[in-house]
Structures are given as C-alpha cells and as structure tokens.
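Enquirer: Fold the following for me, if possible:
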Amino acid sequence: MLRLLKPLVRLLLRKGMPYGAFADLAKRVYVDTARDEFAIEGRKQTTSRVSILTGLSRKEVSRVSALPDPDDQGASDRYNRAARVISGWVRDQRFANELGDPALLPLEGDEQLSFSQLVKIYSGDVPVRALLDELQRIGAVEADGKGNVRLLARAYVPGGGDADKLAILGMDVADLVSTIDHNMQCEADDLFFQRKVSYDNMPLDPDRELRKLAAERAQTLLEELDHWMSARDRDASPGVEGRGRMRASLGVYYYEEELPEETTDDTAKDKEEPS
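Expert: Predicted coordinates for the structure are as follows:
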C-alpha cells in the first residue's frame with residue numbers, strides 16, 4: 001500500500017489536495033463499497049454492518065454517506081467523446097483518403113462525408129464546434145482556413161487541463177487495479193492479461209529511442225485492436241447481436257526513471273533474494 005500510495009500522494013500534494021479531503025474520499029469509498037458489494041445475500045445492508053466491515057463508527061458512516069457526490073463527469077465525457085471521434089477518423093474507411101489515411105474533411109457538407117458527420121456518428125449530439133475547439137486546443141486537429149479540418153494526432157491526449165488528465169488517472173489506474181484484483185481471485189483459466197517488461201541497468205537514452213519505439217509499436221497494436229473491437233461494439237456497429245453487455249479495455253503505458261550508477265550493498269542484497 002505504501003508503494004501504491006506514494007506516487008498518488010505526490011500528485012495530490014502537487015495539486016493542493018490536503019489530507020483531510022483525501023481521507024473523506026477514502027472513507028466514502030470504504031462505506032460505498034462495503035454497502036454495495038459486501039452485503040449478506042437476502043439481507044439489507046445496515047449501518048452497523050458497514051461500521052463493522054470498515055472500522056468506522058456508525059456516526060462516521062452516516063456522516064460520510066451524507067457528503068455530496070464528487071463529480072468529474074464533464075471531464076470524463078470530453079475524454080470519451082473526443083477519443084471516439086479520433087478513433088473513428090483513423091479506422092473508418094469512409095473518412096479515409098485514397099491511401100487509407102485519415103482524410104482532410106470539410107467542416108460541413110452533404111455530398112461528401114464531413115467532420116460534422118464524423119462527430120454525429122461517433123459522438124452523438126455533442127455540438128460540433130465545441131468538439132472541434134477541444135481537439136484544436138490539444139493540437140489534435142487543425143483548420144486550414146478554407147473550411148476543412150485535418151487530423152494531426154492519432155490519439156486523444158488532453159492538453160494542459162488538470163481536470164481532464166485527472167479523469168484519465170481515475171479511469172486508467174482504476175482499471176489496472178481492478179485487473180490485478182480480478183487475477184488474485186479468479187481461476188487460472190480466467191486470468192486477465194497483465195504483463196510488463198522491465199530492465200534496470202540500461203544506459204541513458206538521450207535520443208529517446210526506446211520511448212519512440214514503445215510509442216510506435218503500442219500505437220499500432222492499439223489501432224489494430226480498436227478496429228477489431230469497434231466491429232463488435234453495438235454503438236459503432238449497430239447490427240451486432242449477442243446477449244449481455246460488457247466493457248473491455250487494453251491499456252499500455254511507458255515509464256522511465258534515472259537511477260544511481262552504483263547500487264548500495266543493501267540494494268544488491270535485495271536483488272539477490274528471491275521475490
């Protein structure tokens with residue numbers, strides 16, 4: 001838990017969230033999770049049982065339950081809508097040029113597919129101008145001054161807005177932790193894929209060669225999977241049949257840090273001991 005919390009607390013301190021605010025959020029999650037997921041079958045979950053499960057007093061359970069719900073829905077919606085539009089532009093051949101690349105699109109138009117039609121197909125009733133402004137703000141598209149829009153980036157990466165980036169933190173880290181939680185509980189034949197490759201004695205990479213290679217390979221993989229998944233998603237492909245509904249994601253991340261050139265005796269000893 002210390003290893004998990006340290007980078008999170010570093011980020012929270014940098015963004016000005018004091019311990020008290022974090023503690024109330026943590027208590028709220030404890031209470032909500034105990035109430036929603038740890039009830040005894042056939043019996044209503046009580047404040048007393050939530051208190052026993054969480055270690056909080058009944059008074060504190062009631063206080064935390066009465067706190068207003070935090071809401072980052074606006075940031076999450078912007079992320080999801082913009083990401084869907086860019087993804088559709090990249091993979092939907094109706095919006096491609098003769099080389100198969102994302103085409104230069106007129107902002108409006110009836111005779112040929114336009115940016116407005118792209119937004120309507122992949123983002124519903126969101127105002128076209130609002131989405132265009134967002135994609136321009138982060139440098140994902142540009143307008144050529146002649147009523148056309150050009151795609152510059154093949155993925156949606158929020159710009160300087162902290163709210164949008166923190167929304168991704170909440171979604172992506174939650175998915176990773178939930179994946180590990182699933183793998184700790186499930187049978188061997190029901191594991192979710194979760195792997196990484198890591199080395200800790202590489203020379204510094206002034207040309208960022210590894211970072212560029214990782215980005216290129218990962219982007220290619222994600223675009224291939226996006227094409228496969230969109231053909232099976234009822235929103236992107238309304239004719240898809242089948243029972244039930246599920247959400248599936250595959251996330252890729254890259255990380256690096258500079259280490260001391262010489263390790264201490266304690267570090268060397270730790271590396272020799274089996275994990």
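Enquirer: Every contact and neighbour count from this point should use C-alpha atoms.
Expert: Fine.
Enquirer: Quick one: list the elements packing against the strand or helix carrying residue 63.
Expert: In the assignment (DSSP states H and E), residue 63 maps to helix 58-65. Counting contacts by 3 or more C-alpha pairs under 8 Å, 6 or more residues apart in numbering; DSSP states H and E, helix 58-65 is packed against helix 19-37, helix 47-54.
Enquirer: Save those as TSV, and put in distance to residue 217, mean pLDDT and mean neighbour count too.
Expert: Converted to TSV, the helices and strands packed on helix 58-65 look like this (distance: least, C-alpha to C-alpha, whole Å; pLDDT from 0 to 100; neighbours: other C-alpha atoms under 10 Å):
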stretch	distance to residue 217	mean pLDDT	mean neighbour count
helix 19-37	37	91	15
helix 47-54	44	94	17
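Enquirer: Listing request: residues of this structure with sub-threshold pLDDT.
Expert: Applying pLDDT under 70 to the chain flags the ranges 71-76, 110-112, 159-164, 263-275.
Enquirer: which stretches of the stretch 51-200 of the chain form helices?
Expert: Counting by DSSP state H, counting those that start in this stretch, the stretch 51-200 of the chain has helices at residues 58-65, 73-91, 115-123, 128-137, 162-185.
Enquirer: hmm, back to that, mind listing what's buried in the helix holding residue 63?
Expert: The neighbour-count check on helix 58-65 (16 or more other C-alpha atoms under 10 Å) flags 58, 60-61, 64-65 as buried.
Enquirer: How about stretch 168-184?
Expert: The neighbour-count criterion (16+ other C-alpha under 10 Å) identifies 168, 172, 175, 183 as the buried residues of stretch 168-184.
Enquirer: How about residues contacting that stretch?
Expert: 76, 79, 190-192, 194, 251 (C-alpha atoms under 8 Å, 6 or more residues apart in numbering).
Enquirer: domain ranges for this structure?
Expert: 2-65, 71-191, 195-239+247-275 (automatic domain parsing).
Enquirer: Could you identify which of those domains is most buried?
Expert: Per-stretch averages of neighbours, counted by mean count of other C-alpha atoms under 10 Å, single out domain 71-191 among the domains of the chain, with a mean of 16.
Enquirer: How far does it sit from its chain's centre?
Expert: Using C-alpha atoms, centre = their mean, to the nearest Å, the distance from the centre of domain 71-191 to the centre of the chain it belongs to is 12 Å.
Enquirer: What are the boundaries of the strands in the stretch 101-250 of the chain?
Expert: Per DSSP state E, counting those that start in this stretch, the stretch 101-250 of the chain carries strands over the ranges 105-106, 141-143, 148-151.
Enquirer: Tally up the residues packed near residue 240, please.
Expert: When neighbours are defined as other C-alpha atoms under 10 Å, residue 240 has 11 of them.
Enquirer: residue contacts, it?
Expert: 231-234 are the contacts of residue 240 under C-alpha under 8 Å, 6+ apart.
Enquirer: Could you do residue 109 as well?
Expert: Taking C-alpha under 8 Å, 6+ apart as the test, what residue 109 contacts is residue 116.
Enquirer: Please report how far it lies from residue 213.
Expert: Note on residue 109: its distance to residue 213, by C-alpha to C-alpha, to the nearest Å, is 39 Å.
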